[in-house]
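**Q** sharing a model that was predicted from the sequence below.
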Amino acid sequence: MLQIDTDRGLSGAAEPAVALERMVLFVVGEHRFGVPIDRIREIIPARPYTPLPGGEAFVCGLINLRGRIVTVVDLGARLGLAPASAHPDHSIVIVEYRGKLVGLAVQEVARIVAVDPDTLQSSAETLRSLRIDRAYLRGVGEADDEIFVAVEPDEILDPILV
């Protein structure tokens, strides 16, 4: 009698496990974006910003995070969408960028999903509808019938913080 090991199939060789990447999904305008969870240090509620004179319109300002000064960038405004910081109950996603902490203002933190990074696609139609610089984007993904755009924080922050 032939037994089939579901982990090995008929050949007897183990199939390689897919390395899923956990991503935090958040809302900006009508869109969902994802950032790898290992890039996020914490998520905090909105707080007053100290403005930066002469700063770009997408820079919300500075906050004090337990004695550390953190620059906060409005992700919506940075991507050419509606400013997320305009919502009084927005959140700040703290990411590590070149050894420093930087905040990304987002409208809402939705949830954490696990995705196969190899399934992220460069859907031209979706990316065209967003009108976002493709250098910022890793690709379009789907989790539980929910479409999201995976973004690369370093690419978003490099032009303004380097």
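**A** Arrived safely.
**Q** contacts and neighbour counts: CA atoms only from here.
**A** Fine.
**Q** please, where are all the helices along the chain?
**A** Ranges of helices in the chain, per DSSP state H, are 75-78, 124-130, 153-161.
**Q** for the ones you listed, which has the smallest mean pLDDT value?
**A** Of all the helices of the chain, helix 124-130 carries the lowest average pLDDT, namely a mean of 61.
**Q** in contact with the spatially closest residue to R22 that is not a sequence neighbour, which residues?
**A** Of all residues not flanking R22 in the chain, A114 sits nearest, at 4.3 Å (CA to CA, 6 or more residues apart in numbering). When contacts are counted by CA atoms under 8 Å, 6 or more residues apart in numbering, A114 touches 20-23, 143.
**Q** from V106, how far out is A114?
**A** 20 Å (CA to CA, to the nearest Å).
**Q** tell me which helix or strand of the protein sits lowest on mean pLDDT?
**A** Taking mean pLDDT, DSSP states H and E as the measure, helix 124-130 is the helix or strand of the chain with the lowest mean score, a mean of 61.
**Q** okay, now the residue nearest to I147 when sequence neighbours are not counted: neighbour count?
**A** In this structure, I147 finds its nearest non-sequential neighbour in G141, 5.8 Å apart by CA to CA, 6+ apart. Close neighbours of G141, defined as other CA atoms under 10 Å, add up to 22.
**Q** rewinding a little: please narrow the contacts of A114 to those residing in strands.
**A** 21-23, 143 (DSSP state E).
**Q** could I get those as CSV with pLDDT and neighbour count?
**A** Output for the ones in strands among the contacts of A114, formatted as CSV (pLDDT from 0 to 100; neighbours: other CA atoms under 10 Å):
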residue, pLDDT, neighbour count
E21, 91, 15
R22, 94, 17
M23, 95, 21
A143, 84, 12
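**Q** go through those and say which is closest to H90.
**A** Distance to H90 across those (CA to CA) is lowest for M23, with 19.0 Å.
**Q** what's the closest one in contact with, if anything?
**A** 34-37, 112-115.
**Q** what sits against the closest residue to it other than its chain neighbours?
**A** Nearest residue to M23 in three dimensions, chain neighbours excluded: P36, at 4.3 Å (CA to CA, 6+ apart). Each residue near P36 by CA under 8 Å, 6+ apart is listed here: 21-24.
**Q** make CSV from those and add distance to G99 to it.
**A** Formatted as CSV, those follow (distance: CA to CA, whole Å):
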residue, distance to G99
E21, 22
R22, 21
M23, 21
V24, 20
